[in-house]
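Visitor: sequence first, then the predicted structure:
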Amino acid sequence: MTEQPRHSEEEIDDAEVLEDAEIGPDDTELADTVPPPAGQTVDESPKAESTAVAPVTALQQYLAEIRRYPFLSKEEELRLFHEYQVQGSREAAVKLILANLRVSVSISSEYLHTGADQMDLIQEGNVGLMQAIKKFDPAKNVRFYAYAAWWARAYILRYLLNTYRLVKVGTTQDQRKLFYNLKKEKAKLEREGFVPDAKLLADRLNVRERDVIEMDQRLGSWELSLDQPLNQETEGTLLDVLPSQEPAADERLADTELKTLFRKKLAEFTKTLPERDEDILRNRILSETPLTLDDLGHKYGITKERTRQLEARLIKRLRDYLKKEIRDFDLLRS
């Protein structure tokens, strides 16, 4: 048996898991993905033991163990569900889960191409089995293994979404939908003879075209850890050789010197101004909280338009002065 699933005590939004995956309990389809029909017995003869030449892996041991639990007939299944749902029998629930552990194995094998460890996928599928036990309605006349496959697939997909990349690829509902369905929809369109461009995919999946482009880039790209060593002969990492986004040191120094010169020349220009113009410069042009034209006009007994004219003339004088005094004035940055 596997270790206790990691999410067994975690509250999971079941509706969100299943809605995003866009899957449903289609027992006709899912029955093809699970083992033989109900009532079939299994070979319980001893498997590989300590005398085996090759070491037995944890997966092989697990598969050998679950083969010991036979499939249930429909009548046995209904009886156990009655004991579990009506009488609260924990033993009945355990028997139902043990008899259907092959469902998680079968579903997990469909996702081995992702590179995920199969035991991890099986664990997540088993969490889905436990959820299926709680949600299953025998009155629907659907075999439990078909319904359980629905839940096992949903939890496996959720696990893949959360672990697919170092940086999570799906954080919104639209992104999760794309993660689950983008490749499948592309293949479907190609079979129908269409070119699966971003616009057509967005229309078919009912999402934004921008989201399709971004998810396609994420799924098609590769990633590296910035802390990964460059090679075995050095302790340097990729982070050490990435170019800095800051300006070069000589550029920062030149910029600082230019701004210092600007402040010096601005102070010299201010000393040449009469009181009124200096007031307009300090409290209107250079101030972070400038006075209004009305306030300045009222202060000096002139109209608002006249104050605007004085301000415009002062700005022109200041610009001409600084261009004359500072050779690289056009390179100044705020």
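Guide: Looks like it arrived, so ask away.
Visitor: all contacts plus neighbour counts: C-alpha atoms, from now on.
Guide: OK.
Visitor: what secondary structure does Glu233 sit in?
Guide: coil (DSSP: H, G, I helix; E, B strand; the rest coil).
Visitor: tell me the buried residues in the strand or helix carrying Leu322?
Guide: Following DSSP states H and E, the helix or strand that holds Leu322 is helix 304-325. The neighbour-count check on helix 304-325 (16 or more other C-alpha atoms under 10 Å) flags 304, 307-308, 311, 314, 318, 322 as buried.
Visitor: looking at those, which is nearest Lys259?
Guide: Closest approach between these and Lys259, by C-alpha to C-alpha: Leu322, at 11.8 Å.
Visitor: quick check, the closest one in contact with Phe329.
Guide: Yes: here Leu322 lies in contact with Phe329, judged by C-alpha atoms under 8 Å, at a distance of 6.8 Å.
Visitor: burial count for the nearest residue to Glu83 once chain neighbours are set aside?
Guide: Leaving aside its chain neighbours, Glu83 sits nearest to Ser89 (5.5 Å; criterion: C-alpha to C-alpha, 6 or more residues apart in numbering). By the criterion of other C-alpha atoms under 10 Å, Ser89 has 14 neighbours.
Visitor: how near is Ser89 to Leu129?
Guide: 17 Å (C-alpha to C-alpha, to the nearest Å).
Visitor: also Glu305?
Guide: Counting by C-alpha to C-alpha, the gap from Glu305 to Leu129 is 79 Å.
Visitor: likewise for Phe262?
Guide: 72 Å.
Visitor: higher neighbour count, these two?
Guide: The residue with more neighbours, out of Phe262 and Leu129, is Leu129; 29 against 17, by other C-alpha under 10 Å.
Visitor: quick one, what contacts that one?
Guide: 97, 100-101, 104, 148-149, 151-152 (C-alpha atoms under 8 Å, 6 or more residues apart in numbering).
Visitor: and which of the residues you listed is nearest Thr163?
Guide: Using C-alpha to C-alpha, the contacts of Leu129 come closest to Thr163 at Ala152, 16.7 Å.
Visitor: and Ile133, what element?
Guide: Per DSSP H and E: helix 118-135 holds Ile133.
Visitor: give me the mean pLDDT for stretch 258-265.
Guide: Here stretch 258-265 scores 87 as its mean pLDDT.
Visitor: now stretch 242-249
Guide: Stretch 242-249 carries an average pLDDT of 74.
Visitor: likewise for stretch 139-158?
Guide: Averaged over stretch 139-158, pLDDT sits at 90.
Visitor: hang on, the earlier thing: is it true that the residue nearest to Glu83 touches Arg79?
Guide: No: with contact defined as C-alpha under 8 Å, Ser89 does not reach Arg79; the gap is 11.2 Å.
Visitor: inside helices: which ones of the contacts of Leu129?
Guide: Counted as lying in helices by DSSP state H, out of these, are 97, 101, 104, 148-149, 151-152.
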